[in-house]
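Asks: this is a predicted model, with the sequence first.
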Amino acid sequence: MRSKKIVLLLLSALMVFALAGCAGSGSGSKNTTKTITLKFAHVGSLIHQDNIFAEDFKKQIEKDSKGSIKVKIYPNGTLGAEDVAIKGVQSGAIDMTEVTADSSMAQVVPVMNVLGIPYLFRDRNQVYKVLDGKIGSDLLKEVDKHQLVGLGYSEVGFSNMTNSKKPIKTPSDMKGMKIRVQPAPIWNAFMKELGAIPTAISFTELYSSLQQGVVDGEENPIATINAMKFYEVNKYISLTRHSYKANVIVISPQTWKKLTPDQQKLVKQATKKAFVSQRDYLAKQEEKTLKDLKGKGAVITTPDVAAFKKATKGAAKEVANKVPQSLIDQINNVK
């Protein structure tokens, strides 16, 4: 009997050690971090700036988190247009997205309209000082008030005019053209001041609308024109460089709360690193892309930019009730 009791005691001890071992390897262990996979949605093609950033971010966060955070990218608007993606992030159905600051995001966060003011930025240097500095940080705090967590920015680039009719060299050349605009009041005002007819069309439907003649033209950065193949249906490209388009990177508050403080820090760091990497790559590619577009039959003109700037200076009045003049002055004073 005594030997049987000893055997039973030994078995009991072994079971205790085994259970302790199992507890140590489970999700409750302090030494083990549960893997999280982030659904990252955007509307760009696989070679669009959106996807360049998303891939950079994926690579960076998976490396920095040592695999505890993984990213699955959903390009080409497969989870919906930008407005749908924003709602998905707000509800928690989508973890992350990047959307155009001065249109889709401005519909939710009105002060973001500031980034759509024509000829607000002189060059990329000024842009990066604004977005990387206090102004950019303050704008993200406004995003945080709308069931979103603002992480940072990605680059779309300086926009230019394209159309299927003729070269655009002066503002008068725009008269009567139907031009696709983003869903934002300032872009309606901008086109009207040029004598064009603004037409709001979803980005995911833009190529087919140009192809079918629903609109004559559109405005986008060179990288976008190339990535989305707009040059196939809009032969004429005019380098107006009338606005800098930035994307805002947001994550769902529900998802954010699931991350540890260390993981949250890594996500913000990865966003900044990916932005720097993306914009450096795009800057190096632009001259090459212009040459490639010429080789594909595009007619590229350099217009009278001063005349465009003068003709559209009144467009900013359209967002005066949404954007404080003090903010515009702050940006203008950044050297």
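Replies: Looks like it came in fine.
Asks: what's the distance between I168 and N188?
Replies: 19 Å (CB to CB, to the nearest Å). Heads up, the C-betas are built off the backbone N, CA and C, glycines and all.
Asks: these two: who's more crowded?
Replies: Neighbours were counted for I168 and for N188 using other CB atoms under 10 Å; I168 has more, 25 against 18.
Asks: what's the closest non-adjacent residue to the more buried one?
Replies: Spatially, and ignoring its direct neighbours in sequence, I168 is nearest to S238 (3.9 Å; CB to CB, 6 or more residues apart in numbering).
Asks: helices or strands next to whichever strand or helix holds I179 in the packing?
Replies: Counting by DSSP states H and E, the secondary-structure element that holds I179 is strand 178-181. With contacts defined as 3 or more CB pairs under 8 Å, 6 or more residues apart in numbering; DSSP states H and E, the packing partners of strand 178-181 are helix 185-193, strand 197-200, helix 206-211, strand 217-221.
Asks: C-alpha coordinates for that strand, CSV please?
Replies: Taking C-alpha atoms only, strand 178-181 is exported to CSV below (Å, rounded to 0.1, in the frame of the first residue of the first chain):
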residue,chain,number,x,y,z
LYS,A,178,-15.0,67.9,-67.8
ILE,A,179,-12.4,67.1,-65.1
ARG,A,180,-12.7,64.4,-62.5
VAL,A,181,-12.2,65.7,-59.0
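Asks: got a list of contacts for it?
Replies: Contact with strand 178-181 is made by 161, 163, 187-188, 190-191, 196-201, 206, 209-210, 214-219, as judged by CB atoms under 8 Å, 6 or more residues apart in numbering.
Asks: which parts of stretch 118-126 are buried?
Replies: Going by neighbour count (16 or more other CB atoms under 10 Å), the buried part of stretch 118-126 is 118-121, 126.
Asks: what angle separates the lengthiest strand in the chain from helix 185-193?
Replies: With DSSP state E applied, the strand covering the greatest number of residues in the chain is identified as strand 149-163. Between strand 149-163 and helix 185-193, the angle comes out at 20 degrees (axes from the mean of the first three to the mean of the last three CA atoms, to 10 degrees).
Asks: list the neighbouring strands of strand 149-163 plus their orientation.
Replies: strand 217-221 (antiparallel), strand 236-238 (antiparallel), strand 244-251 (antiparallel) (DSSP bridges).
Asks: and the ones you listed: which comes nearest A85?
Replies: The stretch from the strands paired with strand 149-163 with the least distance to A85 (CB to CB) is strand 244-251; that distance is 9.1 Å.
Asks: restrict the closest one to CA atoms and write it as CSV.
Replies: Provided in CSV are the C-alpha atoms of strand 244-251 (Å, rounded to 0.1, in the frame of the first residue of the first chain):
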residue,chain,number,x,y,z
TYR,A,244,0.8,68.0,-52.9
LYS,A,245,-1.3,64.9,-52.1
ALA,A,246,-0.6,63.1,-48.9
ASN,A,247,-2.3,60.0,-47.5
VAL,A,248,-3.2,59.7,-43.8
ILE,A,249,-2.4,56.3,-42.3
VAL,A,250,-5.0,55.2,-39.7
ILE,A,251,-5.6,52.2,-37.6
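Asks: good, we can wrap up now.
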